[in-house]
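Trainee: Provided below for reference: sequence and predicted model.
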Amino acid sequence: DTEVTQTPKHLVMGMTNKKSLKCEQHMGHRAMYWYKQKAKKPPELMFVYSYEKLSINESVPSRFSPECPNSSLLNLHLHALQPEDSALYLCASSQDWVGSTGELFFGEGSRLTVL
Amino acid sequence: AQKITQTQPGMFVQEKEAVTLDCTYDTSDQSYGLFWYKQPSSGEMIFLIYQGSYDEQNATEGRYSLNFQKARKSANLVISASQLGDSAMYFCAMREGQGWSGGSNYKLTFGKGTLLTVNP
């Protein structure tokens, strides 16, 4: 079983809806990530949080709004999405200390469909 | 230019045989890490194996081994005794740099993946 838990596993939303994806880990990792993955493509980095502060934003449109309320939780707030935003959204976490390998632990993903 | 190249979009292997998935990388950093992940149709990305650029020995994890050829900048994954459950997409990835000062040190660059099918 994965140690990174994502909810919901599936989400269908209209273009005017507001929804959120949630991610939780209890491994003590201080770096957390959101990736977007389209079918048959590699994951694309969206955001990185380090010690609850946004470290990387890969020029993601503002209709995606990340939030890290504490060291165990990561949210992705969704508003006014487009059909092309339909994808698998993967959350990941990693250790954050010099000498660590940087291995990412991924959740099972939230499969989003925008109608 | 691609930093991670996986030249095999799809591979087929018979159950119980070994298979090699190719990965080449491009970096000017002296310190970097190479990873292989498995992604079944369910979607979860499963970490398989890691090789650091300064590691002198090839990494091994159970049936997985990484054939690391630094001069050729290749990091091929070898799966021995394939099982039906090995059928999945496999991604090679690289982390450049070392240390956790933020920024690009957190970024994994993924290859396009190889879809492995194990036949009974």
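Mentor: Everything's here; your move.
Trainee: I figured B:S65 hits B:A59, correct?
Mentor: Yes. With contact defined as Cβ atoms under 8 Å, B:S65 and B:A59 form a contacting pair (7.0 Å). All C-beta atoms are positioned from the backbone trio N, CA, C, and that covers glycine.
Trainee: now for those two: what residues contact both?
Mentor: Taking Cβ atoms under 8 Å, 6 or more residues apart in numbering or on different chains as the criterion, B:S65 and B:A59 both touch B:I49.
Trainee: quick one, phi/psi of the nearest residue to A:L115 once chain neighbours are set aside?
Mentor: Nearest residue to A:L115 in three dimensions, chain neighbours excluded: A:G14, at 5.4 Å (Cβ to Cβ, 6 or more residues apart in numbering or on different chains). Backbone torsions of A:G14, given as degrees, to the nearest 10, read phi -90, psi 170.
Trainee: quick one: low-confidence residue ranges for chain A.
Mentor: A:1-2, A:97-100 (pLDDT under 70).
Trainee: now for B:Y50, how many residues are close by?
Mentor: Using other Cβ atoms under 10 Å in any protein chain shown, B:Y50 has 18 neighbouring residues.
Trainee: ok, A:A39 next?
Mentor: Applying other Cβ under 10 Å, we find 7 residues neighbouring A:A39.
Trainee: so how far is A:G107 from it?
Mentor: 18 Å (Cβ to Cβ, to the nearest Å).
Trainee: how about the residue positioned nearest the centre of chain A, secondary structure?
Mentor: Centroid-nearest residue in chain A, with Cα atoms, centre = their mean: A:W34, separated by 2.8 Å. Following DSSP: H, G, I helix; E, B strand; the rest coil, A:W34 is assigned to strand.
Trainee: for it, list each beta-bridge partner.
Mentor: A:F47, A:C91 (DSSP bridges).
Trainee: would you confirm that A:R111 contacts A:L11?
Mentor: Yes. With contact defined as Cβ under 8 Å, A:R111 reaches A:L11; the gap is 7.2 Å.
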